[in-house]
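*Asks:* Quick one: sequence plus predicted model below, questions after.
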Amino acid sequence: MIAKNMSDNKYPTAHWSEYADRIINALDLKKTAHDEYHGPCPNCAGVDRFWIKQFSGEVVVNCRKCNDFGAIKDKLKDQGLWPAMKTEYNLSRPDVSLRDIEWPSEAEASDVTHPYLQRKKIKLHNAKIDGPDLSVPIIDPTGRRVGMQYIDENGGKKFTYQMPVVGNFSVIGGPIKDFAYIAEGWATAASVYEATGKPAVFALNAGNIPAVCEALQKAKPSAELIIAADNDDAGKKACEKAFELYGVEHIMPEHEGNDWNDVWIARGPEATRKLLSPYNVMDEVFFPGDAIAQLQNNYLIKGWLGQGQMSVLYGGSNGGKSFCMLDMAYHVAANKPWNGHKVEGGPVLYLATEGGMAFHNRVVALRNKYPEHGDSIPLAVRPSPVNLLDPEADLGKIVKLCDAITKRYGPIKLIVVDTLSRSMAGGNENAPEDMTKLIGNCDALRGMTGAHVNIVHHSGKDKAAGARGHSSLRAATDTEIELEHDEESGIRTATATKQRDMETGAQFPFVLTVEDLGVDQDGDSVTTCTVSKASDSDLEEAQRPKISGKNQRVIQKAFDQLRGEGVGAPNPAGVGWPEPRQFWVIDVETVREHFEGKMTGVANPRSAWKQALEKLEDNGHVCVNDGFMWFTSRAGKVRNDT
């Protein structure tokens with residue numbers, strides 16, 4: 001039996017630097033003009049009668065209602081907000097050695113669940129269901145149980161009354177042999193163990209981490225210890241003290257305010273495991289004998305987008321870029337194949353910086369078009385501007401939004417920035433310093449969320465030169481998709497012109513189909529568009545000879561202008577006509593008069609009209625029947641797909 005020398009001081013000193021913030025935050029105390037912090041008493045619940053203040057570096061507490069500082073300190077100890085009596089262990093007996101002690105984890109009950117476990121996405125491990133609560137066993141460095149922590153379904157926590165805290169802990173995944181993580185909270189320790197398979201020690205609170213490091217080093221002097229720290233002030237202070245006193249290193253989540261359970265929920269086990277791996281410079285290389293064939297295809301949309309990568313989709317104005325990317329995003333969020341390509345999807349955040357509230361209509365149209373995908377698709381659309389040039393502007397806000405989405409729906413798989421120009425907040429696309437800032441912030445967004453980041457962008461004046469702006473964008477992106485628009489046939493074609501880890505050249509020809517959503521307050525139709533894969537007939541039409549003659553194009557322009565003014569009507573039924581109401585027809589003489597009005601300076605406009613019209617008919621671009629004419633292309637249809 002190990003002897004213990006107990007301190008006679010029932011209430012050890014609570015140092016202001018270590019305990020003040022914890023008490024203030026836990027009890028939601030408010031600072032007064034006299035440098036006191038007031039709030040409800042943890043003992044008698046007297047409103048604003050309880051106070052704490054600093055005296056010679058120590059925490060002084062009292063309540064002007066109950067005046068029972070002893071009971072108050074007992075209540076604070078129950079919540080881990082006041083140091084308990086420190087236990088010293090006498091190891092002088094030759095038959096006792098802490099290094100021989102093992103701390104096994106109690107058997108897992110993976111089939112048992114609890115609201116707290118469900119919310120934290122962890123298993124039961126060494127806890128037990130105790131009525132409405134979870135109960136977690138707390139042990140001292142000898143393995144003797146000293147008390148319990150109780151966690152209710154809302155995450156409220158309390159310790160066994162007057163349980164000693166300093167240097168005590170709980171072990172998940174034991175026994176500890178050559179390595180262990182140390183975490184502030186039980187759910188964090190559970191997440192760390194599930195991600196890494198390594199023992200994780202629950203240290204009860206941040207202030208107790210250095211004492212736990214001391215106890216574990218005495219018990220397991222050959223074991224490597226790493227603190228899986230919370231990224232907050234208390235966590236940072238604990239890590240600094242643990243390193244200063246005991247040389248224990250730490251690994252901390254990137255995003256301030258996060259712990260490793262937040263990362264576990266947001267990023268999943270594989271990403272959490274990698275982030276928790278202790279750094280070793282030799283881990284950055286591998287040798288031929290270590291090489292392993294990478295057979296897992298880590299795709300988001302197979303053949304198009306990779307998990308956690310960066311891509312750019314670019315094209316000309318009004319070319320259908322946003323419609324195409326939104327269609328992709330919708331299928332990723334629904335986790336359904338996209339035009340025959342397999343998808344490993346999940347939640348999507350779409351930053352619609354252009355188009356604003358019009359995205360409501362676009363998403364309604366997609367919901368109507370794909371009813372088989374259901375109504376609960378985790379596609380979050382943010383229809384407002386965003387500044388991704390300045391990391392101090394909106395980046396933190398977007399990460400918080402991602403965290404909120406992740407907690408509700410799971411790890412975000414795709415973030416779309418539509419468009420680059422509207423996310424630069426006045427920056428210069430052609431300036432290398434501005435473009436690299438934007439790329440760096442997108443990389444930070446990927447790093448903090450694990451999501452693929454897509455940027456919708458415009459092509460430059462010289463379409464052959466690719467996307468607009470500085471070339472560093474193309475150098476940084478893993479996938480580049482060019483969107484071309486054949487205005488005459490209405491066919492758009494998305495082509496993968498760059499793939500870092502996949503084969504280039506994938507193509508997706510499509511048309512934009514007009515979708516009716518209803519009528520506005522004036523009774524006029526409200527429409528938007530969705531993406532439809534181009535049919536064989538669409539592609540055949542695209543191969544037809546283009547209208548090339550100057551006068552032929554003038555006829556086409558005259559026809560389009562008249563149609564835009566409401567002149568003409570859908571074709572009737574009968575001999576010489578196509579299926580009823582398929583094409584828009586206009587009286588030939590009306591078109592001729594409009595044509596000749598445009599032919600100023602031409603000696604014989606009637607002859608020019610006759611020759612151009614005959615050429616259009618010969619090439620199949622125009623049909624004439626019963627004194628009316630119509631264009632046979634998709635653009636000439638009554639209900640055209642644009």
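*Replies:* Sure, I can see it. Residues are numbered from 1 along each chain as shown.
*Asks:* Strands of the stretch 351-500 of the chain, residue ranges please.
*Replies:* Along the stretch 351-500 of the chain, the segments classed as strands by DSSP state E, counting those that start in this stretch run 379-382, 414-418, 452-458, 479-485, 492-499.
*Asks:* now what about the second one, what contacts it?
*Replies:* Same thing as strand 414-418. 300, 305, 321-322, 325-326, 329, 332-333, 345-346, 348-355, 386, 388, 398, 402, 423, 442, 445, 449, 451-456 (C-beta atoms under 8 Å, 6 or more residues apart in numbering). Backbone N, C-alpha and C define where each C-beta goes, glycine included.
*Asks:* cool, the fourth one as well?
*Replies:* Strand 479-485 has contacts (C-beta under 8 Å, 6+ apart) with 304-306, 309-316, 319-321, 324, 459, 463, 466-467, 474, 491-500, 502.
*Asks:* Narrow those residues to those that are buried.
*Replies:* Buried members of those, counted by 16 or more other C-beta atoms under 10 Å: 304-306, 309-315, 319-321, 324, 459, 466-467, 491-494, 496-499, 502.
*Asks:* which residues sit in contact with E596?
*Replies:* 605-606, 609.
*Asks:* Most neighbours among the residues you listed, please name it.
*Replies:* W609 (22 neighbours; other C-beta atoms under 10 Å).
*Asks:* Show the contacting residues for that residue.
*Replies:* 551, 555, 592, 595-596, 599.
*Asks:* quick one: which of the contacts of E596 is nearest G410?
*Replies:* W609 (63.8 Å; C-beta to C-beta).
*Asks:* element containing the closest one?
*Replies:* helix 605-618 (DSSP states H and E).
*Asks:* If we go by neighbour counts, what in that helix is buried?
*Replies:* Buried, per 16+ other C-beta under 10 Å, within helix 605-618: 605, 608-609, 612-613, 615-616.
*Asks:* Strand partners (parallel or antiparallel) of the next helix or strand after that helix?
*Replies:* Moving toward the C-terminus from helix 605-618, the next helix or strand (DSSP H and E) is strand 622-625. When sheet partners are counted by DSSP bridges, strand 622-625 sits next to strand 628-631 (antiparallel).
*Asks:* Now do the strand it pairs with: everything it contacts.
*Replies:* So strand 628-631 is contacted by 556, 559, 571, 583-588, 591, 613, 621-623, 636 (C-beta under 8 Å, 6+ apart).
*Asks:* CA atoms only for it, dumped as PDB, please.
*Replies:* Provided in PDB are the C-alpha atoms of strand 628-631 (Å, rounded to 0.1, in the frame of the first residue of the first chain):
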ATOM      1  CA  PHE A 628     -43.200  33.200 -92.900                       C
ATOM      2  CA  MET A 629     -39.600  32.400 -91.900                       C
ATOM      3  CA  TRP A 630     -37.900  30.900 -88.900                       C
ATOM      4  CA  PHE A 631     -34.400  30.000 -87.800                       C
END
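*Asks:* quick one: low-confidence parts of this structure?
*Replies:* 1-10, 33-34, 84-111, 280-281, 463-465, 639-642 (pLDDT under 70).
*Asks:* Could you pull out the helices in the stretch 301-450 of the chain for me?
*Replies:* Taking DSSP state H, counting those that start in this stretch as the criterion, the stretch 301-450 of the chain contains helices spanning 321-334, 358-369, 396-409, 420-423, 432-449.
*Asks:* Stretch 477-490 spans what distance, first to last residue?
*Replies:* End-to-end distance of stretch 477-490 (C-alpha to C-alpha, to the nearest Å): 29 Å.
*Asks:* starting at the chain centroid, how far to it?
*Replies:* The chain centroid and the centroid of stretch 477-490 are separated by 26 Å under C-alpha atoms, centre = their mean, to the nearest Å.
*Asks:* Kindly report the same for stretch 485-497.
*Replies:* Worked out by C-alpha atoms, centre = their mean, stretch 485-497 lies 30 Å from the chain centre.
*Asks:* what kind of secondary structure is L216 in?
*Replies:* helix (DSSP: H, G, I helix; E, B strand; the rest coil).
*Asks:* For burial, what's the neighbour tally of it?
*Replies:* L216, neighbours per other C-beta under 10 Å, totals 25.
*Asks:* residues near the nearest residue to it once chain neighbours are set aside, how many?
*Replies:* Closest residue in space to L216, ignoring its immediate chain neighbours: L225 at 5.9 Å, by C-beta to C-beta, 6 or more residues apart in numbering. Neighbour count for L225, taken as other C-beta under 10 Å: 21.
*Asks:* show me what contacts L225?
*Replies:* 179-182, 213, 216-217, 248 are the contacts of L225 under C-beta under 8 Å, 6+ apart.
*Asks:* same thing but 7 Å
*Replies:* By C-beta atoms under 7 Å, 6 or more residues apart in numbering, L225 lies in contact with 180, 182, 213, 216, 248.
*Asks:* what's the distance between the last one and D434?
*Replies:* Separation of V248 from D434 (C-beta to C-beta, to the nearest Å) stands at 42 Å.
*Asks:* And the two? Which one has more around it.
*Replies:* Neighbour count, other C-beta under 10 Å: between V248 and D434, V248 has more, with 22 against 19.
*Asks:* Return the longest strand in this structure, judged by number of residues.
*Replies:* strand 507-519 (DSSP state E).
*Asks:* got the angle for it vs helix 321-334?
*Replies:* Between strand 507-519 and helix 321-334, the angle comes out at 90 degrees (axes from the mean of the first three to the mean of the last three C-alpha atoms, to 10 degrees).
*Asks:* so what strands line up beside the next helix or strand after strand 507-519?
*Replies:* Heading C-terminal from strand 507-519, the first helix or strand you meet, by DSSP H and E, is strand 525-533. Applying DSSP bridges, strand 525-533 is found paired with strand 507-519 (antiparallel).
*Asks:* looking at the sheet around W584, what are its partners?
*Replies:* P570.
*Asks:* re the thing from before, columns distance to I151 on top of the buried residues of helix 605-618, output as JSON lines?
*Replies:* Converted to JSON lines, the buried residues of helix 605-618 look like this (distance: C-beta to C-beta, whole Å):
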{"residue": "P605", "distance to I151": "88"}
{"residue": "A608", "distance to I151": "87"}
{"residue": "W609", "distance to I151": "85"}
{"residue": "A612", "distance to I151": "82"}
{"residue": "L613", "distance to I151": "83"}
{"residue": "K615", "distance to I151": "82"}
{"residue": "L616", "distance to I151": "78"}
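*Asks:* what's the closest of those to E36?
*Replies:* Among these, and counting by C-beta to C-beta, the member closest to E36 is L616, at 89.7 Å.
*Asks:* which residues touch the closest residue to the closest one other than its chain neighbours?
*Replies:* Using C-beta to C-beta, 6+ apart and skipping the chain neighbours, the partner closest in space to L616 is V622 (4.0 Å). Going by C-beta under 7 Å, 6+ apart, V622 touches 613, 616, 629, 631-632.
*Asks:* Is V622 bridged to anything, and to what?
*Replies:* F631.
*Asks:* So it versus Q561, what's the distance?
*Replies:* Taking C-beta to C-beta, one finds V622 at 16 Å from Q561.
*Asks:* Name the residues that touch stretch 499-507?
*Replies:* By C-beta under 7 Å, 6+ apart, the list of residues contacting stretch 499-507 reads 303-304, 306, 478-479, 493-498.
*Asks:* typed the wrong thing, it's stretch 48-65
*Replies:* With C-beta under 7 Å, 6+ apart, stretch 48-65 has contacts from 13-16, 19-20, 23, 29, 35-44, 46, 69, 72-73.
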